[in-house]
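*Asks:* sequence first, predicted model second:
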Amino acid sequence: MPEVGLVAILDADKEGFLRNETTLIQTMGRAARHLEGRVIMYADKKTASMERAMEEVERRREIQVKYNKEHKITPSQIIKAIRDWELNIKKKEITSEFWAVRDKKLLEKEMKIAAKNLDFERAAELRDLIKKLKDGKGKIYANN
């Protein structure tokens with residue numbers, strides 16, 4: 001999600017797996033790539049995890065602003081064409097036989113790394129791909 005302009009974190013004060021300091025920073029970072037990105041955390045109280053996450057984001061922002069000034073960089077918006085997802089997927093279609101020759105352990109390793117890095121979308125995609133390979137079902141797409 002490279003161009004997210006607003007991230008809203010509901011129940012940000014509910015401590016746990018999806019509301020710990022690391023995950024909050026990761027989620028807040030989605031808006032950091034947008035020139036005018038904003039984060040709103042909804043909560044009844046400010047938790048220690050929220051406080052540390054906000055401090056870390058501010059620390060990183062200060063470093064980036066300093067770097068930009070030193071190197072005379074003016075942040076600019078990413079401009080990309082709108083892609084035709086359905087067309088792209090059809091172009092990348094490959095058979096499961098191709099993936100069968102690939103080392104499934106490599107895919108499992110990549111899935112575990114993605115999960116460790118809190119990239120849960122990628123980890124889920126890899127999990128589903130591995131399941132399809134194990135089941136030998138149909139066609140698998142290269143972007144999975």
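*Replies:* Structure received. Residues are numbered from 1 along each chain as shown.
*Asks:* what's near enough to touch residue 73?
*Replies:* With contacts defined as CB atoms under 8 Å, 6 or more residues apart in numbering, residue 73 is in contact with residue 67. (Each C-beta comes from the backbone N, C-alpha and C, glycine too.)
*Asks:* what about it, which helix or strand?
*Replies:* Assigned by DSSP states H and E, residue 73 belongs to neither a helix nor a strand.
*Asks:* in space, not sequence, find me the middle residue of this structure.
*Replies:* Geometric centre of the chain, nearest residue: residue 119, 5.1 Å, by CA atoms, centre = their mean.
*Asks:* which other residues reach the helix or strand where residue 62 lies?
*Replies:* In the assignment (DSSP H and E), residue 62 maps to helix 48-70. Helix 48-70 is touched from outside by 12-13, 15, 19-21, 24-25, 28-29, 32, 41, 43, 73-75, with contacts defined as CB under 8 Å, 6+ apart.
*Asks:* from those residues, list the buried ones, please.
*Replies:* Buried by 16 or more other CB atoms under 10 Å: 12, 19-21, 24-25, 28, 41, out of these.
*Asks:* show me the strands in the chain, by range?
*Replies:* Here the chain has its strands, by DSSP state E, at 6-9, 38-41, 93-95, 139-141.
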